[in-house]
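Undergrad: Make a model of this:
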Amino acid sequence: MDDRGRFMRAWCAREFAEHGIHFVPVQANMGFSVQKGTVRGMHFQEVPALEAKLVRCTRGRMFDVVLDLRRDSASYRKWYGVELSAENGRMLYVPEGCAHGYQTLEESTEMHYMASEYYTPSAARGARFDDPAFGIQWPLGAMAVSEQDRNWPLVKR
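TA: Next up is the predicted model:
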């Protein structure tokens, strides 16, 4: 950061490889939410279209969540959340087999993510953002949630 502004790397294959992560984006998506408190997710894709994501907030602020749904993982059914904002420039990597969702913390929040697989409707799945089996602690009450995201089935404990 200097008096001109800032420059940030959006993605680097070498840096990911140095950390043992094979991530090759094939698709980039953007989302815009008008209302503060909007929740989107928890979304993922199943085999044969498993996808990893690299998420950033390009306008406003959001609480971004990754939920581990990999049965053989030590962190199975655990979640991690972090604030992403246009100002802090942080990104969150979501591995294959994990669900992703976020909540806007400001009005007019925009996000951008790169995915390692093409959107495949037949493989698209979701988990409820408010499922007690996961206990995700959203910072705000859910002000706007799609019908689809409200109706994903609850997971048996």
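
Undergrad: lowest confidence element among the helices and strands of the chain?
TA: When each helix and strand of the chain is scored by mean pLDDT, DSSP states H and E, helix 13-18 comes last, with a mean of 94.

Undergrad: in that helix, what's buried?
TA: F16 (16 or more other C-beta atoms under 10 Å). (Each C-beta comes from the backbone N, C-alpha and C, glycine too.)

Undergrad: what does it contact?
TA: By C-beta atoms under 8 Å, 6 or more residues apart in numbering, the residues outside helix 13-18 that reach it are 9, 22-24.

Undergrad: What subset of those residues is buried?
TA: F23.

Undergrad: Next, give me the two most distant ones among the contacts of helix 13-18.
TA: The widest separation within the contacts of helix 13-18, taken as C-beta to C-beta, falls between R9 and H22 and amounts to 18.0 Å.

Undergrad: what about the residue nearest to the spatial centre of the chain, which helix or strand?
TA: Central residue of the chain (C-alpha atoms, centre = their mean): H100, 3.6 Å from the mean position. Following DSSP states H and E, one finds H100 within strand 98-104.

Undergrad: so what does that strand touch, helix or strand wise?
TA: Contacts defined by 3 or more C-beta pairs under 8 Å, 6 or more residues apart in numbering; DSSP states H and E place strand 98-104 against strand 38-45, strand 53-59, strand 61-68.

Undergrad: helix or strand right after it?
TA: Taking DSSP H and E, what comes next after strand 98-104 is strand 109-115.

Undergrad: E46 reaches R125, doesn't it?
TA: Yes - judged on C-beta atoms under 8 Å, E46 makes contact with R125 at a distance of 5.6 Å.

Undergrad: about what we covered before: for the residue nearest to the centre of the chain, list the residues it contacts.
TA: Contacts of H100 by C-beta under 8 Å, 6+ apart are 41-44, 53, 55, 64-67, 94, 113.

Undergrad: Leaving out the residues flanking it, which one is nearest to Q137?
TA: G81 (7.3 Å; C-beta to C-beta, 6 or more residues apart in numbering).

Undergrad: Verify the stated contact: that neighbour with M62.
TA: No - contact between G81 and M62 fails when scored by C-beta under 8 Å: they sit 10.0 Å apart.
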